[in-house]
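Participant: the sequence and its predicted three-dimensional model are supplied below.
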Amino acid sequence: MAKNSVAKNVVVIGTQWGDEGKGKIVDWLTDHAQGVVRFQGGHNAGHTLVVGQGDAQRVYKLNLVPSGIVRSGINCYIGNGVVLDAGHLLNEIAALEKDGLEVKSRLKVSSGCPLILSHHIALDTAREAKRAVKIGTTGKGIGPTYEDKVSRRALRVYDLFYPSRFAEKLREVMDYHNFVLTNYLGANAVDFNQQYDASMQHAVALKPMISDISADLYAANARGDNLLFEGAQGTLLDIDHGTYPYVTSSNCIAGQASAGTGVGANMLHYVLGITKAYTTRVGGGPFPSELDIDTAGAPGTQMSVKGQEIGTVTKRKRRCGWFDAAALRRSAMINGLTGLCITKLDVLDGIKELNICVGYELDGKKIDVLPIGADDVAGCKPIYETVAGWTENTFGVKTWDGLPKNAQHYLKRLEALCGVKVAIVSTGPERDETIVIEHPFA
């Protein structure tokens with residue numbers, strides 16, 4: 001799509017516990033953007049993209065590189081809010097280039113990204129092993145890196161280019177973390193020389209891509225580029241607003257698109273919330289509308305099997321449940337959603353009756369929005385509204401009128417209950433398996 005004289009920028013946010021199908025939607029929206037931006041999280045995120053058809057079809061699984069990289073001519077940016085495993089990023093770039101994609105000339109990385117180092121990964125895995133109740137960390141070192149950032153001891157990307165200072169700071173922080181690893185967690189210490197040598201190699205490879213992302217995005221916006229800000233994880237995993245402590249270590253909400261890149265909030269024009277037509281969660285933590293996913297023929301089992309609910313990064317089976325409109329209301333408040341994109345509608349085909357969680361009973365009172373705090377969420381008994389399902393196939397349907405009447409009713413009911421208009425419906429993994437009611441870039 002040609003550039004507008006005045007840019008329009010869209011933020012894509014997961015509204016549930018992640019895995020909502022953001023990658024496909026970001027990929028679809030790149031036809032109308034000149035830049036795609038990551039602004040939080042790290043390589044704990046997993047986005048699956050299906051590109052092309054038939055024998056030419058390719059499936060890409062991305063962790064750090066923005067989804068726009070699979071489309072030619074799209075510039076990609078990794079903002080300061082992302083924690084960076086340099087080795088993983090370089091491996092991901094190499095794999096994409098092996099598939100014939102040009103990456104390095106189109107990817108810019110903030111010099112302010114905190115670096116994930118070997119001691120962070122060691123801490124992450126050792127702590128999770130010690131916990132009686134698992135949080136469900138991916139073991140990628142994300143949390144400990146954000147801890148170091150907040151504690152002002154993190155090494156950031158620009159430190160790589162000052163070897164003496166990097167070595168001094170690395171030794172200091174590694175001594176601190178090795179003490180914790182060996183004395184409190186019963187784990188092995190990590191090796192300074194091995195990490196230092198690897199980091200210096202990474203510095204050489206990364207240097208051509210390092211940039212001032214705030215200035216880059218400001219300039220892109222000024223020249224009329226449409227920018228797409230690509231969220232990772234989901235709102236209910238947000239470190240401040242999620243079901244704490246069963247959350248990730250970053251802010252996963254729309255406001256982080258500003259803080260995590262260095263652009264003004266007035267540059268964020270449309271917030272698109274991505275949600276499945278049902279609900280999933282991977283790892284530990286409360287889940288009010290959760291269903292059994294092991295009984296043959298049960299709705300939860302259909303969601304799990306037909307929806308292929310396996311984590312892109314963790315490879316763990318996702319927990320599945322009915323759509324939770326009360327949780328979505330919380331997400332709508334936090335993000336200031338402009339529109340909703342409902343994904344995986346086809347997974348519900350053939351379920352005779354569909355339940356929608358419209359609120360909860362908590363301590364003898366009825367509430368209509370997800371409470372704050374894991375203990376209260378765990379105490380919520382869901383209140384359901386039942387609507388009729390449909391027997392027709394919705395997979396690949398491309399128009400609103402092509403949907404069964406009961407599917408239309410279901411979507412309109414979700415819209416009414418959540419208080420946010422449905423802008424897009426995704427009926428399959430491919431780009432054209434999409435129903436557009438309101439285009440975010442229009």
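Facilitator: The structure has been received and is ready for your questions.
Participant: output the below-cut-off pLDDT ranges for the stretch 101-250 of the chain.
Facilitator: For the stretch 101-250 of the chain, the stretches with pLDDT under 70 are 133-136.
Participant: which residue is nearest the centroid of the chain?
Facilitator: Ala232 (1.9 Å; Cα atoms, centre = their mean).
Participant: that residue: what's it in contact with?
Facilitator: Gly14, Gly18, Lys22, Arg38, Gln40, Gly41, Asn44, Ala45, His47, Cys252 (Cβ atoms under 8 Å, 6 or more residues apart in numbering). In short, each C-beta sits where N, CA and C put it, glycine included.
Participant: so which of those residues sit within strands?
Facilitator: Gly14, Arg38, His47 (DSSP state E).
Participant: nearest to Pro66 among the residues you listed?
Facilitator: Arg38 (5.0 Å; Cβ to Cβ).
Participant: and stretch 54-66, how far out from the chain's middle?
Facilitator: 16 Å (Cα atoms, centre = their mean, to the nearest Å).
Participant: next, the buried residues of the helix ranked longest in the chain.
Facilitator: Identified as the longest helix of the chain according to DSSP state H is helix 163-183. Across helix 163-183, burial judged by 16 or more other Cβ atoms under 10 Å covers Phe166, Ala167, Lys169, Leu170, Val173, Met174, His177, Asn178, Val180, Leu181.
Participant: how close does the nearest residue to Lys207 once chain neighbours are set aside get to His202?
Facilitator: Leaving aside its chain neighbours, Lys207 sits nearest to Phe161 (6.9 Å; criterion: Cβ to Cβ, 6 or more residues apart in numbering). From Phe161 over to His202 the distance is 11 Å, taken as Cβ to Cβ, to the nearest Å.
Participant: so between those two, which is more surrounded?
Facilitator: Comparing Phe161 with His202 by neighbour count (other Cβ atoms under 10 Å), the higher total belongs to His202, at 19 against 15.
Participant: quick check: the more buried one touching His88?
Facilitator: No: shown here, His202 and His88 do not form a contact pair, counting by Cβ atoms under 8 Å, at 10.2 Å.
Participant: shouldn't Ala259 be in contact with Gly81?
Facilitator: Yes: here Ala259 reaches Gly81: they are 6.3 Å apart, a contact under Cβ under 8 Å.
Participant: need the residues touching each of the two.
Facilitator: Contact criterion Cβ under 8 Å, 6+ apart; residues shared by Ala259 and Gly81: Phe39, Asn251.
Participant: mind checking which of those two has more residues around it?
Facilitator: Neighbours per residue, other Cβ under 10 Å: of Ala259 and Gly81, the larger number sits with Gly81, 27 against 16.
Participant: can you tell me the closest non-neighbouring residue to the more buried one?
Facilitator: In space, Gly81 is closest to Gly260, 2.3 Å off (Cβ to Cβ, 6+ apart).
Participant: residues in contact with the one you found?
Facilitator: Phe39, Gln40, Gly79, Asn80, Gly81, Val82, Asn251 are the contacts of Gly260 under Cβ under 8 Å, 6+ apart.
Participant: and Asp148, by the same measure?
Facilitator: With Cβ under 8 Å, 6+ apart, Asp148 has these contacts: Pro114, His120, Ala154, Leu155, Val173.
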